[in-house]
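In: turn this into a model:
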Amino acid sequence: MFEEPGRALRRIVRKRVRKRTDKKPGTSPGSLIHIGRERTEPVRIRLIRYDDDYLEDVYVDRIDDVFPLRERPAVNWIDIDGIHDVPVIERIGQLFQLHPLLLEDILTSDQRPKTDEYDDCLFIVLRMLSLDDDFKITSEQMSFVLGRNYVLSFQELPGDIFDPIRERIQAARGRIRRGGADYLTYALIDSIVDHYFLVLEGMGERLATLEDEAVDDATTQTLEHIHGVKRQLIFLRRSIWPLRDVVSLLTREDSDLISEQTRIYLRDVYDHTVQVIDIVESYRDITSSLMDVHLSITSNRLNEVMKVLTMIATIFIPLTFIVGVYGMNFDYMPELHVQWAYPVIWGIMIAVSAGLLLYFKRKGWM
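Out: Below is the predicted model of the structure:
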């Protein structure tokens, strides 16, 4: 059944409030409590360590096995798949000397995209989006910690969109093997932003289908589908809009963790985020227009039906009057005793009907 927009909004708000209240009020800042999807499988840790001449790509059982590599002159990408195991996240914070508030944000999986600067690292939160076969957008929080020669990436669920980056590292394509940890962070952010265009492409195809459906074969389900797309675009806008400020801050951040050369690439990512936001706003306008088109077409169809019914009623009004007059039970009605009265009355009724039809046609009402 169709769900009213106000009811859907209240349901989303209640869900988000319940999610935020999993942490008891008054809990001290920096308390490590996981807020997000329930998972029981062990956390997977993947280390990709590389420089211009060296590459190592391994899965490690314990985060302690990674830490001795941190100070070596190479880029260390530590990819942590799973944030549900609080002791593992806490141990990562101890080894890399991460601030408790940073760890708290990693464990809270509904963070707004943002960037925070700490003494020896940058913390970045983004939303990784994907579109399923039912045109429903799914979102997953991605957290990055950029250090001197390491990048920590945290994700909630297995599977991501970074395989092309891993392939570039393994094949030594482009300048990624010659770049530092800041360039790797740029590449990860750029991959997420580029994937937004794929999501928007799918939403554009969905809107094109709904446009044809609204014009050619509008039904009650069409309006429901349009509202569904509108809700998805609102969710998409909420996930993407803060990203512009995040990337803009990275391009202007006075931090020696990001080189000036990498800032040039980040400015290109900023341009892409602006394009994404413009497309989202255009899609929202198109969705509103589709709702107006659907309502207009439905109203026009109703008007056509009412026009036909009105013409039929108008034709039968004089006929009903004639039949009512000669259906009265009076003895002294002269016409009742005339031999040709019956066919004459029929002729009058047919002439009235034909005259009304001719009048409607000349007026362009039919």
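
In: what's the burial count for residue 326?
Out: 14 (other Cβ atoms under 10 Å). All C-beta atoms are positioned from the backbone trio N, CA, C, and that covers glycine.

In: list the contacts of it.
Out: 333, 335, 336, 345 (Cβ atoms under 8 Å, 6 or more residues apart in numbering).

In: for it, give its distance to residue 341.
Out: The spacing between residue 326 and residue 341, counted by Cβ to Cβ, to the nearest Å, is 8 Å.

In: mutual contacts of those two, please.
Out: Common neighbours of residue 326 and residue 341 (Cβ under 8 Å, 6+ apart) are residue 335.

In: could the contacts of residue 326 go into TSV alongside pLDDT?
Out: Formatted as TSV, the contacts of residue 326 follow (pLDDT from 0 to 100):
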residue	pLDDT
333	77
335	74
336	72
345	82
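
In: just those residues: which are in helices?
Out: residue 345 (DSSP state H).

In: nearest to residue 95, of the contacts of residue 326?
Out: Nearest to residue 95 among the contacts of residue 326 is residue 345, at 103.7 Å by Cβ to Cβ.

In: list the contacts of the closest one.
Out: Residue 345 sits in contact with 322, 326, 335, where contact means Cβ under 8 Å, 6+ apart.

In: look up how far residue 344 lies from the last one.
Out: Okay, so that is residue 335. 8 Å.

In: then the first one?
Out: Residue 322 sits 11 Å away from residue 344 when distances are taken as Cβ to Cβ.

In: show me which positions of stretch 142-161 end up buried.
Out: 142-147, 149-157, 160-161 (16 or more other Cβ atoms under 10 Å).

In: just stretch 334-354 next, same as before
Out: 349, 352.

In: next one: stretch 278-297
Out: For stretch 278-297, the neighbour count (16+ other Cβ under 10 Å) marks 279, 280, 283, 284, 286, 287, 290, 291, 293, 294 as buried.

In: gap between whatever helix or strand the fourth one lives in and the chain center?
Out: Same thing as residue 284. Using DSSP states H and E, residue 284 sits in helix 260-326. How far helix 260-326 lies from its chain's middle: 21 Å, per Cα atoms, centre = their mean, to the nearest Å.

In: can you check stretch 351-361 too?
Out: With Cα atoms, centre = their mean, you get 55 Å for stretch 351-361.

In: any idea how the protein splits into domains?
Out: 29-296, 301-363 (automatic domain parsing).

In: now, of these, which is deepest in the fold?
Out: domain 29-296 (a mean of 17; mean count of other Cβ atoms under 10 Å).

In: now that one: mean pLDDT?
Out: Domain 29-296 shows a mean pLDDT of 85.

In: what pLDDT is listed against the nearest residue to residue 357 once chain neighbours are set aside?
Out: Excluding its sequence neighbours, the residue lying closest to residue 357 (Cβ to Cβ, 6 or more residues apart in numbering) is residue 315, at 7.1 Å. Note on residue 315: pLDDT of 84.

In: show me the contacts for residue 315.
Out: Contacts for residue 315 were tallied using Cβ under 8 Å, 6+ apart; they are 352, 353, 356, 357.

In: filter those down to the ones in helices?
Out: Among the contacts of residue 315, the members falling in helices (DSSP H) are 352, 353, 356, 357.

In: name the pair among the residues you listed with the greatest separation in space.
Out: 352 and 357 (9.8 Å).

In: what are the boundaries of the helices in the stretch 101-250 of the chain?
Out: 163-171, 181-216, 220-252 (DSSP state H, counting those that start in this stretch).
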